[in-house]
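In: Sequence first, predicted model second:
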Amino acid sequence: MNKFLPIFAAIFLLSAAPTQVMAAYSMKITASFPKGTAGEKPAAKYPTTTKTSPCDNATEPSFDAVQFTVAYDATNSKKVVDRDVYLFLFNPEGANLPKFFVLKKNNLGSSFNILTRSDVGALSKTGDIYLPRPENTSPAGTVTTTLMGDSISLQAVNSGVWQLVGIIADSTSAKLDFDDPRTWDAWDVATIVLRKPWNGVTKQTCE
């Protein structure tokens, strides 16, 4: 018997065996400052790697606004929605504010409600879902939506770093833990700076 036949047979069986197609869950968030706003074309002295809005009335134009575009896919390999979508607006410093602002999509339209949570331990995997899977009626595949358009002003919002965090995860899983990214199926973060990288002790809000 040819000593190579068992090896060839094993290779054949491996190549003939069906391969499991993994679900392509995805989350991508892009931050931008709309046309005509203070952050659209900031002066050269401002950061170049992080989106920054001056939040200063001395800057022309002085109107500050941000727009987040979120593209997500909560479907499995059979194009069936079997995951939930979470969106959290996070203020790391959280000076005189809750650190988490939970976005929850309304059933009609693209508007959303906002809930506040003091810290990551207060987040609820069932109560703080932006888009639960039963309500995700979009066509299978990537869904793109825009949050916080140019009609939403940033005036009076706290200065400092803000992040929009998007997570695709299974709310029914006992393993889901917002303190452990290994339990998430996909996630992304978009970071913006308003006025300065911290809240500070003076000029603590956007003007």
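Out: Cool, got the structure.
In: buried stuff in stretch 74-82?
Out: 74, 75, 76, 81 (16 or more other C-beta atoms under 10 Å). For glycine as for every other residue, the C-beta is placed from the backbone atoms N, C-alpha and C.
In: For the residue nearest to residue 206 when sequence neighbours are not counted, the count of nearby residues, please.
Out: Among residues not flanking residue 206 along the chain, residue 55 sits closest, at 3.6 Å (C-beta to C-beta, 6 or more residues apart in numbering). As a burial measure, residue 55 scores 25 neighbours (other C-beta atoms under 10 Å).
In: Equivalent analysis for residue 29, please.
Out: For residue 29, the count of nearby residues is 20 (other C-beta under 10 Å).
In: all strands of the chain, in order?
Out: 26-32, 51-53, 67-73, 84-90, 100-105, 112-117, 143-147, 160-169, 186-194 (DSSP state E).
In: Let me know the pLDDT of the residue nearest to residue 62 when sequence neighbours are not counted.
Out: Leaving aside its chain neighbours, residue 62 sits nearest to residue 38 (5.9 Å; criterion: C-beta to C-beta, 6+ apart). Note for residue 38: predicted pLDDT of 90.
In: For residue 38, give its distance to residue 56.
Out: Distance, residue 38 to residue 56, by C-beta to C-beta, to the nearest Å: 8 Å.
In: same deal with residue 205?
Out: Counting by C-beta to C-beta - residue 205 and residue 56 are separated by 11 Å.
In: got it, and residue 204?
Out: 13 Å.
In: mind listing what the residue nearest to residue 206 touches?
Out: 38, 64, 154, 157, 159, 194, 195, 205, 206, 207 (C-beta atoms under 8 Å, 6 or more residues apart in numbering).
In: thinking again about what came up before, residue 38 and residue 56: who's more crowded?
Out: Using other C-beta under 10 Å as the criterion, residue 38 and residue 56 rank with residue 38 on top: 23 against 16.
In: The more buried one contacts residue 66, doesn't it?
Out: No. Look at residue 38 against residue 66 with C-beta atoms under 8 Å: they stay out of range, at 10.6 Å.
In: can you list residues touching both of these two?
Out: Joint contacts of residue 38 and residue 66 (C-beta under 8 Å, 6+ apart) are residue 53.
In: just to revisit the earlier point, and of the buried residues of stretch 74-82, the nearest to residue 181?
Out: Closest approach to residue 181 among the buried residues of stretch 74-82 (C-beta to C-beta): residue 74, at 16.8 Å.
In: Any idea which residue is closest to the centre of this protein?
Out: residue 166 (2.4 Å; C-alpha atoms, centre = their mean).
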